[in-house]
Each structure stands twice: as C-alpha cells, then as structure tokens.
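*Asks:* pasted the sequence and its predicted model underneath.
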Amino acid sequence: MMRPREKHPHSEAVRGAAAFVHTGSSELLDDVSRGGRRTRVPTGGLDMNTPAGRVVVVGVDGSPAAHAAAVWAAALAARTRTPLRVVHALPEPLYLMTEVAVMGQGPAIAQHRKAGANILGEASAAVRLRFPNLEVHTDLVPGPTAPALAVWGATAKMIVLGAGEPRAVGALAAAIALAGRVTCPVTVCRGQPWMLPDRRPVVVGVDPTGSSAAAVLSAFEFAHLFEAPVIAAHAWSPRHAAGNVTIPFLVDWDALAESTRAVLAAQLAEATRRYPDVAVTEVVEPIPPARLITDRATNAQLVVVGSHGRGRLAGTILGSVSRHLLHHGPCPIMIHRARHRGTV
C-alpha cells in the first residue's frame, strides 16, 4: 500500500507567508519550490542589448537617493518606451514563517506592508510628476534586496538602485550582490541627485580580454538613445605590456602604445558597427584603470564597466575597478557582467 506523499515542512508556511506579504501590480507567477524557497517565474522579455526588452526595474527604500534613482530609471523607460517596475523589498524573511507565526505577527506585518506601500507610492509619485504618461507598476516583495530584484534579471532591460546617505553602504552591498546574480545591466545612481540622462558623455572601461564586450555594447546603446558621445577608456601597464623586457630603453614604447590602441579599436568594432551615429573618443593611458575611469568620469553622465564574475561567487569577485567606482564614482555606474559564453 502506497503511503501518501508528505508535504515539505516549510511549503505551506512559505505559501501562506508569501500570499500574506506579496502585493502589487505584478503579473509574475508565484511558486514555491520543494526546498522551501520562493521562486518567481517572469515571462518574456530580453536584456539591455535587444530592442524588445520588457521592463526597467528600480529598487527603492524610501531614501532621497532611491527616489532620484526611480526618476532616472523612468527616463530610460520613457526613452525606450517600456514600462517601469518599482520594487520595494521588505526587510524581514517573512516568507520563511509558519502560517501560525504569520497570523501571530499580523499587526507587525501589516505595519511593514503599509510602510512599504507608502515607499512605493512616494517613488511612483516622483516618477509620474516627471513622466505622467509612463506605464508604472509597483511590487512589494519579501527581501533581502538582491534576491528580490534578481527575479527580474533575465527579463529586465536594466535594474537600477540608488546609493545615497544614510543607506549608501547597504545599497552598494546589494548592487554588488545583484550584479553577480544577473546578466542584465545593473546601475547604481550616484553623484548629483536628479541629474537625468542627457547628452553628456558616457564613459566605458574597455578590457582587451573581451570581458567588457557586453558593457561596451550597453554603453553605446545608452549613448545612442540619448544622443551622447562615448569615451572608451583603456588603461595599460607598461610593465605587463613589455613582457620579459626589463630594460626600459630596449622597449619601443610608441609601438607598444600603438599596438594597445589597435586592440582597443578591435574591442569597439562591433559597437561602432551597430551604432555608427555615436561619436567615440578613444583614451589609452599607462595608469591604473580605476584612476583613469574616475578621472574621465568627472564630467560624464554615466560610467559603464564589465565584470568577469561568474556563478555563485560572482558577487564576491567583481573586479576591483567596479568596486572602486561603486564606492567613489562621481556619477551613475552601470555594471554589465560578461556572459558565460563570452558573447553579446
């Protein structure tokens, strides 16, 4: 005689808590895996480098920086004629509570939901004030932030976060974790708030290994959308470039620099072919890459960098340049992780 299948001890708890906590206008399908984790299955959509990407996603936490990030994201959504999805992640792991615990914590959960709804409402109001005709959706979901936003990683054009005081450290940590989880671009809005995309330059860091290929294409597409020029920056080390030659006067530095410029041009070839209208300035300097890009970003509207992190550890092995810019960059920073197959 066959015994009836036993339910996973957390499945009903997760189902009840998720139903109690989740709210919004999302059309995503909620499901619960046998391991007790919340799984969301988005349908359709493509990434930043395709014209049919479905939505721009922005995470908000009620801070002024998050409101500014929402308006920045709305400007991109309006220009690409795609909806904007404003998401707030509740701080507690309510989706792991049992049904009894959920009912017992009802007043506290309701208070958190009300606060979260207010955060979404304020961010949406800021967006609609500047872009009254934009289609805006809101979602209140269980946290933490990075996993909550990563749900849309396969279908979003871009995921945007704000990083300002007093929550800058948490926002940067979430951005680093998120960039390691998704293949779409992740942008952290830094610098002067309320500076929307315009015709200021877009700076992109170019790696000769090809790991920045996705970042280069995203930079050119963004520049194309807003009729802005691109500054393609490549930093090279004289010691590494000279190979085994240890005597400086034996190195033809002019030839070495010219060879480096040729490598840079090759890395830009596909992007310039796709976006011939974008003006490009190529910068090759023998200085540390973080310094080069930070210097060039002073008057830029956006810096775009790649990251070669892959898999579960990607969030912890983002390049040093990406981390430096996230903490010290003077303007919004877009990270576009290299794809697993190295193609765009």
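*Replies:* Cool, got the structure. Residues are numbered from 1 along each chain as shown.

*Asks:* what residues go with each domain of the chain?
*Replies:* For the chain, automatic domain parsing gives the domain ranges 11-189, 202-337.

*Asks:* after the helix or strand where Leu292 lies comes which helix or strand?
*Replies:* If you go by DSSP states H and E, Leu292 is part of helix 289-296. Counting by DSSP H and E, the next helix or strand C-terminal to helix 289-296 is strand 302-307.

*Asks:* and the contacts of that next one?
*Replies:* 179-180, 185, 187, 197, 202-205, 207, 211-216, 218-219, 222, 293, 297, 314, 318-319, 321-322, 325, 329, 331-338 (C-beta atoms under 8 Å, 6 or more residues apart in numbering). To be clear about C-beta, it is placed using only N, CA and C from the backbone, and glycine gets the same treatment.

*Asks:* please export the C-alpha coordinates of it as CSV.
*Replies:* Below are the C-alpha coordinates for strand 302-307, written out as CSV (Å, rounded to 0.1, in the frame of the first residue of the first chain):
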residue,chain,number,x,y,z
LEU,A,302,27.3,57.5,-16.8
VAL,A,303,30.2,55.1,-16.4
VAL,A,304,29.9,51.6,-17.8
VAL,A,305,32.2,48.7,-16.7
GLY,A,306,32.2,45.0,-17.2
SER,A,307,32.8,42.3,-14.7
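
*Asks:* that one to helix 289-296, inter-axis angle?
*Replies:* Interaxial angle, strand 302-307 versus helix 289-296 (axes from the mean of the first three to the mean of the last three C-alpha atoms, to 10 degrees): 170 degrees.

*Asks:* avg pLDDT for strand 302-307?
*Replies:* Across strand 302-307, pLDDT averages out at 88.

*Asks:* equivalent analysis for stretch 59-77, please.
*Replies:* Confidence over stretch 59-77 (mean pLDDT, whole number) is 94.

*Asks:* before we move on, the earlier item: in strands, which of the contacts of strand 302-307 appear?
*Replies:* Judged by DSSP state E, the contacts of strand 302-307 include Thr187, Val202, Val203, Val204, Gly205, Ile333, Met334, Ile335, His336, Arg337 as members of strands.

*Asks:* and the last one, bridged to which residues?
*Replies:* Just to be clear, that refers to Arg337. Ser307 (DSSP bridges).

*Asks:* from what I can see it touches Arg181, true?
*Replies:* No: the criterion here is C-beta atoms under 8 Å, and Arg337 misses it with Arg181 at 9.0 Å.

*Asks:* okay, those two: which has more neighbours?
*Replies:* A direct count of neighbours by other C-beta atoms under 10 Å for Arg337 and Arg181 places Arg337 higher, at 26 against 20.

*Asks:* from Gln301, how far off is the more buried one?
*Replies:* Look at Arg337 and Gln301: by C-beta to C-beta, to the nearest Å, they are 22 Å apart.

*Asks:* with Trp72 instead?
*Replies:* Taken as C-beta to C-beta, the span from Trp72 to Gln301 is 10 Å.
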